[in-house]
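**Student:** okay, predicted coordinates and the sequence, questions at the end:
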Amino acid sequence: MQKIIFLCALLPLSWSKPNVTLIEEINSQQSAWKAGINTIDDIESRLGFLGIHPDPNFKLELQEPQKTRRAIPETPDAREYWPQCKDVIGNIRNQGRCGSCWAFSTAEVMSDRLCIATNGTVKFEFSPEDLINCCSNCGKKCNGGYTLYAWQYYMTSGVVSGGDYNTSRGCQPYSASSFIYGIAPTCSKTCQNAKYATSYDTDKQVGGSPYQIPGSVTSIQNEILKNGPVIAGYEVYEDFQFYQSGVYSHISGVEVGRHAVKIIGWGTENGVPYWLVANSWGKEWAKLGGLFKIKRGTNECGIEASIISGYVANKPAPGSGVRVLGSGVGAVLAMTLFYLLKF
């Protein structure tokens, strides 16, 4: 089985062609997507190289999603499919100069799925900062990491809440050190937000085990329709830094590494099928508010080969004290009725 390695940190190297030349080359060779200069011009400072998984025999549970009773829709968007969680799923985050997409994509999917599983009664913004700083076996912090280990850390140790840099959301918002300088702080088992009343131990939430989704389009679609957005890893080429709009496929330039993101939907544009993907480079990146579309059904850049996700649970971490968010009989009945009507 293919190793589940998401190297969100990319090799820091110089692009092989001048920007203008590469942009002209991309736009002249195809019309499916538009290339141009993005507002973020420091891509290299955000990226690094992690390496491969040390165990060549590593395997992850392969889970075939249950088929929905309804026909697979043509153009679903998780933000609209679960309107009660639109603000959570549509929250485009920003990893800054730290190569931490492994933590961001995992935290985002955890937040989305917990909201969906509780029918919108629990909106807990998981902290990438907590994962980066305190998950000792997740990788090399701002120099890349593994989403699988991040989810396992959520399962075994729990993760606190935390918004983006320069916010006052949650226990551990994203730090200036990671965002501006690409240097992760040391692990702190206290809340870093003075305005947040809950303690670090009480704030922690734990989830269930991670699993891999088979690489077929139908399997990925059924998984998203059943449980919500998924984590995807894919190869990044030089031309991707110039993506503006349309359905991306690799046109020009060498491979520079791998990136981890979350898939929130799919559709077809000008006859080209695509996955709708949330990036973690802020809403100003590209022209789709921080989202991008990538060709679907051909394993473009390997995006369909390494899809993982996991189970969520609305409960505090062991030993963290009693903290119940949106639980109780009413919430359980609401969630049960929601799934019966949805599927």
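**Tutor:** It's in. Residues are numbered from 1 along each chain as shown.

**Student:** just give the nearest non-adjacent residue to Leu60, would you?
**Tutor:** Closest residue to Leu60 apart from its sequence neighbours, by CB to CB, 6 or more residues apart in numbering: Gln212 at 4.6 Å. No exception for glycine: its C-beta is placed from N, CA and C like everyone else's.

**Student:** buried residues, stretch 74-94. List them.
**Tutor:** Under the neighbour-count criterion of 16 or more other CB atoms under 10 Å, stretch 74-94 has 76-79, 81-82, 85-86, 88-94 buried.

**Student:** quick one on the thing from earlier: quick check: the residue nearest to Leu60 touching Thr147?
**Tutor:** No: judged on CB atoms under 8 Å, Gln212 makes no contact with Thr147 at a distance of 11.0 Å.

**Student:** compare neighbour counts for those two and give me the winner.
**Tutor:** Set Gln212 next to Thr147 and count neighbours by other CB atoms under 10 Å: Thr147 wins out with 31 against 21.

**Student:** where's the more buried one relative to Val230, distance?
**Tutor:** Noted for Thr147: a distance of 10 Å to Val230, by CB to CB, to the nearest Å.

**Student:** who touches both of the two?
**Tutor:** Taking CB atoms under 8 Å, 6 or more residues apart in numbering as the contact rule, Thr147 and Val230 both touch Ile308.

**Student:** tell me the one among the buried residues of stretch 74-94 nearest to Gln205.
**Tutor:** Val88 (14.0 Å; CB to CB).

**Student:** and the gap between that closest one and Cys138?
**Tutor:** Counting by CB to CB, the gap from Val88 to Cys138 is 23 Å.

**Student:** likewise Gly162?
**Tutor:** Distance from Gly162 to Cys138, by CB to CB: 16 Å.

**Student:** quick one, phi psi at Cys134?
**Tutor:** phi -110, psi -10 (degrees, to the nearest 10).

**Student:** residues contacting Tyr200?
**Tutor:** 160, 171-172, 189-191.

**Student:** which residues of this protein score low on pLDDT?
**Tutor:** 1-18, 42-58, 68-69, 315, 317-343 (pLDDT under 70).

**Student:** rerun that using 90 as the cut-off
**Tutor:** When residues are selected by pLDDT under 90, those of the chain lie in 1-22, 39-71, 146-148, 212, 233, 238, 253-258, 305-306, 313-343.

**Student:** could you look up the SS state of the residue nearest the centre of the chain?
**Tutor:** Centroid-nearest residue in the chain, with CA atoms, centre = their mean: Ser105, separated by 2.0 Å. Secondary structure assignment for Ser105 (DSSP: H, G, I helix; E, B strand; the rest coil): helix.

**Student:** cool, Cys301 as well?
**Tutor:** When the rule is three-state DSSP, Cys301 gets the label helix.

**Student:** where's it relative to Leu291, distance?
**Tutor:** Counting by CB to CB, the gap from Cys301 to Leu291 is 16 Å.

**Student:** follow-up on the earlier one: in three-state terms, label the residue nearest to Leu60 for me.
**Tutor:** strand.

**Student:** what helices and strands are in contact with the helix or strand containing Thr21?
**Tutor:** Per DSSP states H and E, Thr21 falls inside helix 19-29. Here helix 19-29 touches strand 33-35, going by 3 or more CB pairs under 8 Å, 6 or more residues apart in numbering; DSSP states H and E.

**Student:** show me what the strand it packs on is packed against.
**Tutor:** Using 3+ CB pairs under 8 Å, 6+ apart: strand 33-35 touches helix 19-29, strand 243-248.

**Student:** name the residues of it that come out as buried.
**Tutor:** Buried residues in strand 33-35, defined by neighbour count with 16+ other CB under 10 Å: 33-35.

**Student:** tell me the strands beside it, with direction?
**Tutor:** Sheet pairing for strand 33-35, assigned by DSSP bridges, gives strand 243-248 (antiparallel).

**Student:** and the next helix or strand after the strand it pairs with, C-alpha only, in CSV?
**Tutor:** Next in sequence after strand 243-248, counting helices and strands by DSSP H and E, comes strand 255-269. Output of strand 255-269 as CSV, limited to C-alpha atoms (Å, rounded to 0.1, in the frame of the first residue of the first chain):
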residue,chain,number,x,y,z
GLU,A,255,8.2,18.9,-9.1
VAL,A,256,9.2,20.8,-6.0
GLY,A,257,7.6,18.8,-3.2
ARG,A,258,4.2,17.8,-1.8
HIS,A,259,1.4,19.7,0.0
ALA,A,260,-1.5,18.8,2.2
VAL,A,261,-5.0,20.3,1.8
LYS,A,262,-8.7,19.5,2.4
ILE,A,263,-11.2,18.6,-0.4
ILE,A,264,-14.6,20.1,0.2
GLY,A,265,-16.5,19.2,-3.0
TRP,A,266,-16.4,18.7,-6.7
GLY,A,267,-17.9,19.8,-10.0
THR,A,268,-17.3,20.4,-13.7
GLU,A,269,-16.1,23.6,-15.4
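
**Student:** could you look up the next helix or strand downstream of strand 255-269?
**Tutor:** strand 272-278.

**Student:** distance from the chain centre to that following strand, please.
**Tutor:** For strand 272-278, the distance from its own C-alpha centre to the chain's C-alpha centre is 14 Å (CA atoms, centre = their mean, to the nearest Å).
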